[in-house]
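*Asks:* mind folding the following:
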Amino acid sequence: MKTYKFIFCVLILITCLGCNSWLITPNPEQSQNYIVVPDSIYPASDIVIPNHSEWTKGHYRERIKQFKNEPLRKGDIVLIGNSITEGGGAWDQRLKLPNVRNRGISGDITDGVIERLGEICYYKPSSVFILIGINDLFNPSLTAEYVGQNILKIARIIHEKSSHTKIYIQTLLPTSTKSMIPKIREVNDILKKNTTLKTYKLIDLHLLFANEKDLIKAEYTTDGLHLSENGYKRWCDCINKFIK
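*Replies:* Residues are numbered from 1 along each chain as shown. The predicted structure follows:
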C-alpha cells in the first residue's frame, strides 16, 4: 500500500512540474545566449591573409575573436572596413542608433574582408556600409583594377547570400600622398561605372573629403590618412542620410 501511495505522489509531482513548464515564458534575450553559432562563419583562428603585414596578421585574429564574443544580430547596421572604420569606435553612439556595429579591422585589405563575409551572410544585417581598399593600394604588387574588382566581389557575395541587405559601397577617401591620387581615382571610377549592376548603392565620400588638389582636406585628417574627429563627424553626417 505504501508503495502505491509513493508512486501516486511521484506521478502527481511530475504532472505538476509538467504543467508549470507551460507557464514559463522564455526570455528571448536570455535564450539567445544558448544559440550555437557555427564556427565556420568566421575565419579560422590560424588564418593568414596574403599581403597582410605581420602586425595586421595578429590584429586580424584578435578582432575576429572579438566579433565571435560580440556577434551580430539580424537587422543590424554594419560598418565594415579597415582602421578608418575601426577607429570610429562606438558607431552606435556616433550615429545614435543602438544597432550599428563596428566591423573595422586596422590594416585590413579587400582580401581580408572577403574572408570574413561569412558572418555578414549568416546574420543578414539590414544594411552594410563598405569602405575598404586603401591599404591594398599602398602595396605596389596590387593593382587598382584588382582592388576595384575585389570590392565589387564583396558586394556580390553579400547580395547573393543576403539579398535583403542594403549594400552601400563608399568611394575611397583621398590621402595626403600625391602618388596615390591616380590609384584612388582608378578604383573609384570602377565603383562608379558598375553601379548599373544594381547590387549596391554608391556613396561618394571622396568628393566630400577632397580639396581642389584631390588630396584630403587638412581638417579631416590626423596624419594624411586616418580621420580626425571632424572627419568622423563629416562621415556620420553623410551616412545618416541613408539610415534615417
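*Asks:* so G133 touches V147, yeah?
*Replies:* Yes: counting by CB atoms under 8 Å, G133 touches V147, with 4.7 Å between them. Heads up, the C-betas are built off the backbone N, CA and C, glycines and all.
*Asks:* mind checking how far the closest residue to L95 other than its chain neighbours is from I109?
*Replies:* Counting by CB to CB, 6 or more residues apart in numbering, C236 is the residue found nearest to L95 once chain neighbours are left out, at 5.9 Å. Distance, C236 to I109, by CB to CB, to the nearest Å: 24 Å.
*Asks:* K74 too?
*Replies:* For K74, the distance to I109 - CB to CB - is 28 Å.
*Asks:* check E186 too.
*Replies:* 16 Å.
*Asks:* more crowded one of the two?
*Replies:* Set side by side, E186 and I109 show more neighbours around I109, with 27 against 16, by other CB atoms under 10 Å.
*Asks:* if we can go back for a sec, can I assume the residue nearest to L95 sits in a strand?
*Replies:* No: under the criterion used here (DSSP: H, G, I helix; E, B strand; the rest coil), C236 is helix, not part of a strand.
*Asks:* verify the contact between it and D92 for me.
*Replies:* No: checked against CB under 8 Å, the pair C236 and D92 is beyond contact range at 11.5 Å.
*Asks:* may I see the buried residues of stretch 151-162?
*Replies:* Within stretch 151-162, the residues scored as buried using 16 or more other CB atoms under 10 Å are 151-152, 154-155, 157-159, 162.
*Asks:* run through who's touching it.
*Replies:* 110, 113-114, 117, 120-121, 124-125, 128, 130, 132-133, 165, 167, 169, 187, 190-191, 194, 197, 199-200 (CB atoms under 8 Å, 6 or more residues apart in numbering).
*Asks:* are any of the residues you listed buried, and which?
*Replies:* Using 16+ other CB under 10 Å as the burial test, the contacts of stretch 151-162 include 110, 113, 117, 120-121, 124-125, 128, 130, 132-133, 165, 167, 169, 187, 190-191, 194, 199-200 as buried.
*Asks:* buried sites along stretch 161-181?
*Replies:* Neighbour-count burial for stretch 161-181, counted by 16+ other CB under 10 Å, picks out 162, 165-175, 180.
*Asks:* Serialize these to JSON lines and add fields for distance to D214, pLDDT and secondary structure.
*Replies:* Listed next are the buried residues of stretch 161-181 as JSON lines, based on distance: CB to CB, whole Å; pLDDT from 0 to 100; DSSP: H, G, I helix; E, B strand; the rest coil:
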{"residue": "S162", "distance to D214": "35", "pLDDT": "97", "secondary structure": "coil"}
{"residue": "T165", "distance to D214": "32", "pLDDT": "98", "secondary structure": "coil"}
{"residue": "K166", "distance to D214": "29", "pLDDT": "98", "secondary structure": "strand"}
{"residue": "I167", "distance to D214": "26", "pLDDT": "99", "secondary structure": "strand"}
{"residue": "Y168", "distance to D214": "23", "pLDDT": "99", "secondary structure": "strand"}
{"residue": "I169", "distance to D214": "20", "pLDDT": "99", "secondary structure": "strand"}
{"residue": "Q170", "distance to D214": "17", "pLDDT": "99", "secondary structure": "strand"}
{"residue": "T171", "distance to D214": "12", "pLDDT": "99", "secondary structure": "coil"}
{"residue": "L172", "distance to D214": "12", "pLDDT": "99", "secondary structure": "coil"}
{"residue": "L173", "distance to D214": "11", "pLDDT": "99", "secondary structure": "coil"}
{"residue": "P174", "distance to D214": "6", "pLDDT": "99", "secondary structure": "coil"}
{"residue": "T175", "distance to D214": "10", "pLDDT": "99", "secondary structure": "coil"}
{"residue": "M180", "distance to D214": "10", "pLDDT": "98", "secondary structure": "helix"}
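*Asks:* having no further points to raise, I will conclude here.
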